[in-house]
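Asks: pasting the structure only:
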């Protein structure tokens with residue numbers, strides 16, 4: 001589903017360098033917050049790994065069936081800060097430097113979770129979490145967007161009711 005609060009995955013003018021890498025993070029969390037599957041998918045390689053507190057989901061079908069099935073049934077807000085990016089270049093067979101096509105990213109994220117439609121009601125159960133994100137990204141040859149090949153999320157603290165997200169996510173089967 002698209003949302004009036006989502007911009008297209010490919011922006012005009014096109015982003016470059018670190019800004020383009022960071023945009024993968026923004027597409028990911030804005031996809032969470034607006035239930036925009038296409039925007040979320042634009043931030044992941046089709047065979048990417050999405051890991052939350054040690055629970056790994058491999059490939060977009062599994063990520064959709066497990067991770068997004070939980071996140072998209074909630075009202076969420078994800079605030080991303082302290083983003084750092086490390087760009088990597090390779091070398092071609094001739095020894096010439098290649099364009100930067102791999103990157104690592106770290107960030108700190110505050111995430112608020114409410115039951116769908118309950119976020120504006122007083123005294124609702126909710127879960128606030130402070131998390132660290134670590135991502136490995138590659139530039140997709142097809143559309144030129146930076147995408148996660150692996151995104152690891154580690155909660156460092158939570159406050160509230162874990163049942164909002166179906167219990168301790170790291171222990172779900």
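Replies: The structure has been received and is ready for your questions. Note that this is a predicted model, so its numbers are computed, not measured. Residues are numbered from 1 along each chain as shown.
Asks: if you go through the chain in chain order, where are the strands?
Replies: Secondary structure of the chain by DSSP state E: the strands cover 44-52, 55-58, 74-88, 102-115, 126-139, 146-160.
Asks: how far does the shortest one sit from the chain's center?
Replies: Spelled out, it's strand 55-58. Relative to its parent chain, strand 55-58 has a centroid offset of 13 Å by CA atoms, centre = their mean, to the nearest Å.
Asks: Please identify the buried residues of that strand?
Replies: 55, 57 (16 or more other CB atoms under 10 Å). Every C-beta, even on glycine, is put in place using the N, C-alpha and C of the backbone.
Asks: Likewise for the fourth one?
Replies: By neighbour count on 16+ other CB under 10 Å, the buried set for strand 102-115 is 102, 103, 105, 107, 109, 111, 112, 113, 114, 115.
Asks: wait, isn't the third one in contact with residue 26?
Replies: No - with contact taken as CB atoms under 8 Å, residue 105 and residue 26 are classed as non-touching, separated by 11.1 Å.
Asks: For residue 75, the count of nearby residues, please.
Replies: 18 (other CB atoms under 10 Å).
Asks: and it, how far is that from residue 54?
Replies: 26 Å (CB to CB, to the nearest Å).
Asks: now swap in residue 106 and tell me
Replies: On the measure of CB to CB, residue 106 and residue 54 end up 18 Å apart.
Asks: what does residue 165 give?
Replies: Residue 165 is 15 Å from residue 54, by CB to CB.
Asks: more neighbours, those two?
Replies: residue 165 (22 against 11).
Asks: Excluding chain neighbours, what is closest to residue 160?
Replies: Excluding its sequence neighbours, the residue lying closest to residue 160 (CB to CB, 6 or more residues apart in numbering) is residue 127, at 4.2 Å.
Asks: In this structure that neighbour contacts residue 164, no?
Replies: Yes - taking CB under 8 Å as the definition, residue 127 is a contact partner of residue 164 at 4.5 Å.
Asks: what touches both of the two?
Replies: Here residue 127 and residue 164 have residue 113 as joint contacts, going by CB atoms under 8 Å, 6 or more residues apart in numbering.
Asks: ok, back up a step: next up, the contacts around the residue nearest to residue 160.
Replies: Applying CB under 8 Å, 6+ apart, we find residue 127 in contact with 112, 113, 158, 159, 160, 161, 162, 164, 165.
Asks: what sits against the last one?
Replies: Contacts were defined as CB under 8 Å, 6+ apart; by that measure residue 165 touches 70, 74, 113, 127.
Asks: Just give me the closest of the residues you listed to residue 63.
Replies: For the contacts of residue 165, the residue nearest residue 63 by CB to CB is residue 70; the value is 10.8 Å.
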